[in-house]
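Asker: compute the structure for the input listed below.
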Amino acid sequence: MTHEPPFSGVWCPSITPMDGEGRVDLNGLSKHIARLSAAKIDVILLMGSIGEFASLSMDERLLLIRKARAMSPGTMVANVSSTCFNDILSMADEAWRTGYEAVMVLPPYYYGQTPAQLLSYFRALGKAISGKWFAYNFPARTGCDLTADLVATLAAEFPDFAGIKDTVDCQSHTRNIILATQKVRDDFAVLSGYDEYYIPNLLAGGAGVISGLNNVMPELFVKAREAWRQGDLPTLQDAQREIGKFMAIYAIGDDFVTTIKTVVSRKFGYCTPIARNPGGALNEEQRHQVDSLFGIQ
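Answerer: Reported below is the predicted structural model:
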């Protein structure tokens, strides 16, 4: 219905399948990515929060970057976030060497960051890396916020700053980033990090969504994408209601990553429900809840 900047549409932050011993399962990942690609997802994000990047060693992250790119013919972005700046650069270089279209980076976390520090950090990042990059704003995890003015300043300075994932449970926060960046760029992708804000984000002028539910039901979001492009408002309304219903997944269990992996395991069978965040395994009642929600027999 409107102009779409590069990297627009439906993104899936892929799970990282593990075997029974908690080791990275490349075969399971290959099957998962093949299913996402067949569903016509626009972009696959490797090692996002749902991909458990913070629980992976540097060796594992480099291995995943090298091996996963060949698993999909489509657009892929690698999350290279780290508290070590040189590790970010190493992973970014490996991502571009192996054919990723872009990388994604969180602001520094653990140590609190002021707006001035964040601007300095991302300016240093923009000068140090040599390809397209996204910022990842997740204040609930990082303890700092990338404001609309800060993002617009960086977008104006760095043409390779391709967009942002805004994981803030407040559509007006994302809308303010959209409005601010539209003043300086027409090719900047503002992506919501909350599944149910996909359609509201499009209506506000945003580029799309990075949605954990796409690990389970990418077809629903692809249907919404096509309805948006065709101006099919009744289908969009139905999709919004369906997405809202399935948001219940995030209230089941103690660890949403384990819950999503459990649904993928039970529904599709090519991976285990194991995640590295301890204590997240679903009990019998919780497994029954996800089976009922997603029609698992």
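
Asker: separation between the nearest residue to Ser130 once chain neighbours are set aside and Gly126?
Answerer: Nearest residue to Ser130, sequence neighbours excluded (C-beta to C-beta, 6 or more residues apart in numbering): Trp96, at 6.9 Å. For glycine as for every other residue, the C-beta is placed from the backbone atoms N, C-alpha and C. Distance, Trp96 to Gly126, by C-beta to C-beta, to the nearest Å: 15 Å.

Asker: check His288 too.
Answerer: His288 is 49 Å from Gly126, where distance means C-beta to C-beta.

Asker: who has more neighbours, those two?
Answerer: More crowded of His288 and Gly126, by other C-beta atoms under 10 Å: Gly126, with 16 against 12.

Asker: A strand includes the more buried one, no?
Answerer: No. Under DSSP: H, G, I helix; E, B strand; the rest coil, Gly126 falls outside any strand and is assigned helix.

Asker: which stretches of the protein form helices?
Answerer: Secondary structure of the chain, counting by DSSP state H: helices at 26-38, 58-68, 85-97, 115-128, 139-142, 148-157, 171-182, 198-203, 218-230, 233-246, 256-268, 284-294.

Asker: quick one: distance of stretch 285-294 to the chain centre.
Answerer: Centre-to-centre, stretch 285-294 and its host chain are 24 Å apart (C-alpha atoms, centre = their mean, to the nearest Å).

Asker: isn't Val263 up against Leu213?
Answerer: No. With contact defined as C-beta atoms under 8 Å, Val263 does not reach Leu213; the gap is 9.4 Å.

Asker: overlap of the contact sets of the two?
Answerer: Residues touching both Val263 and Leu213 by C-beta atoms under 8 Å, 6 or more residues apart in numbering: Ile249.

Asker: okay, these two: which has more neighbours?
Answerer: Ranked by neighbour count (other C-beta under 10 Å), Val263 and Leu213 place Val263 first, with 26 against 23.

Asker: so which elements touch the worst-scoring helix or strand of the chain on mean pLDDT?
Answerer: Lowest by mean pLDDT, DSSP states H and E among the helices and strands of the chain is helix 139-142, with a mean of 92. Packing contacts for helix 139-142, counted by 3 or more C-beta pairs under 8 Å, 6 or more residues apart in numbering; DSSP states H and E, involve no helix or strand.

Asker: neighbouring contacts of that helix?
Answerer: Looking at what lies outside helix 139-142 - C-beta under 8 Å, 6+ apart - the contacts are Ser49, Leu106, Pro107, Pro108, Tyr109, Gln113, Asp145, Thr167, Val168.

Asker: now that we have these, which one has the most neighbours?
Answerer: Going by other C-beta under 10 Å, Leu106 tops those with 25 neighbours.

Asker: quick revisit: okay if I get the helices of the chain as TSV plus distance to Phe7?
Answerer: Converted to TSV, the helices of the chain look like this (distance: least, C-beta to C-beta, whole Å):
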stretch	distance to Phe7
helix 26-38	16
helix 58-68	18
helix 85-97	15
helix 115-128	17
helix 139-142	22
helix 148-157	13
helix 171-182	13
helix 198-203	14
helix 218-230	13
helix 233-246	21
helix 256-268	23
helix 284-294	28
